[in-house]
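# Model the structure of this input:
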Amino acid sequence: MPMTVDYFANAVDPRVREWFYLGFSGEGRRASMISRLFNVQSSEFANEKVDGLGGIPSSGWNFEDSGRMQEAEPVMGYEETFNHHEFARKISAERKLVDDNRVQKLLDASGLVGDSAFRVREKAGANVFINAFSSATSTTLDDYGTDTTGPDAVALCSTAHPTSPIDSTSLVNEGTLALSATNVATTRQLHMAQTDMQGDLLNVMPDEILVPPELEDTLLTIVRSQLDPISANNAVNPQAGRFQPLVWHYLTDATAWFMMDSGLRRQSLRWYDRVPLEVGAPVVDAVGTMAVTWPAYMRFSLGWTDFRWIYGMNG
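Sure thing, here's the model as predicted:
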């Protein structure tokens, strides 16, 4: 019985899928930073809307004097809408690949498409930090569907964050200090001085520093040296053990670095997978060219609901 194009498609389909997902998994290479940095969630809707809430004031708790409890009234924050964007690619092959014993070429190409899908997601996530100091408008999206500004219509790291929708007083989470032990200490104090929407001091505890590969060695020296790396007197290094060093090879600014509170980050930095990456069933070309196509598709959104989890230095 001669091999039909449908038979060819079904015969190689399992191997095409296997190689695609092997390429996507990045096995043996750098692990994805998406799940490490983002609060990854599924979604069943066209978009996800998150209503921001401010802090509850620390005043008003004195029951002894008044004899009655006061109502806790958080300030309404900004609403953020996560609109899911579509990403798709296809890979095609002709029946003659089987006849000419070139199936491996198809499998190699499938692995490369999977790897490309992996990089699309990484670049989309990294663009949150690449665009952290951007002054673009809130309606501007980059090539990966990433908003360049947050719910307050300001870049992620800025000197002009409004305190709340009803308080335009500016808050700052941006600076220009280069990465050094001294500047890490300074930035830590600035970050811990951050206030909530009520103007109360937040319990910010910076415990992570994210850098591009160019700053990796500098960061490791700062956060892992038990003794002061810039002193010859065996002085204690107070930054040792305070921070988890994070390096993302998709960051493109060789001098920018970011201090983060991991707890607040998990609350604010979000990723929604509306449709996780999938490879569709093979489709035979209807016009009789003996070609088969495998569609790859994913749909996701990402962004942040508040800025107080991060302090960026555009060094």
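
# Give me the neighbour count for the spatially closest residue to residue 102 that is not a sequence neighbour.
In space, and not counting its chain neighbours, residue 102 is closest to residue 96: 8.0 Å by C-beta to C-beta, 6 or more residues apart in numbering. C-beta coordinates here come from the backbone N, C-alpha and C atoms, glycine included. Using other C-beta atoms under 10 Å, residue 96 has 11 other residues around it.

# now do residue 40
Residue 40: 17 neighbours (other C-beta under 10 Å).

# In contact with the closest residue to it other than its chain neighbours, which residues?
Using C-beta to C-beta, 6+ apart and skipping residues adjacent in sequence, the residue nearest residue 40 is residue 271, 4.6 Å away. By C-beta atoms under 8 Å, 6 or more residues apart in numbering, the contact set of residue 271 is 34, 38-41, 125, 300-302.

# The residues you listed into JSON lines, with extra columns for secondary structure and distance to residue 200?
Compiled in JSON lines, those are given as follows (DSSP: H, G, I helix; E, B strand; the rest coil; distance: C-beta to C-beta, whole Å):
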{"residue": "34", "secondary structure": "helix", "distance to residue 200": "33"}
{"residue": "38", "secondary structure": "coil", "distance to residue 200": "27"}
{"residue": "39", "secondary structure": "strand", "distance to residue 200": "24"}
{"residue": "40", "secondary structure": "strand", "distance to residue 200": "30"}
{"residue": "41", "secondary structure": "strand", "distance to residue 200": "29"}
{"residue": "125", "secondary structure": "helix", "distance to residue 200": "31"}
{"residue": "300", "secondary structure": "strand", "distance to residue 200": "35"}
{"residue": "301", "secondary structure": "strand", "distance to residue 200": "31"}
{"residue": "302", "secondary structure": "strand", "distance to residue 200": "29"}
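
# was I right about the residue nearest to residue 102 contacting residue 290?
Yes: using C-beta atoms under 8 Å, residue 96 is in contact with residue 290, at 7.3 Å.

# between the two, what contacts are shared?
With C-beta under 8 Å, 6+ apart, residue 96 and residue 290 have no common neighbours.
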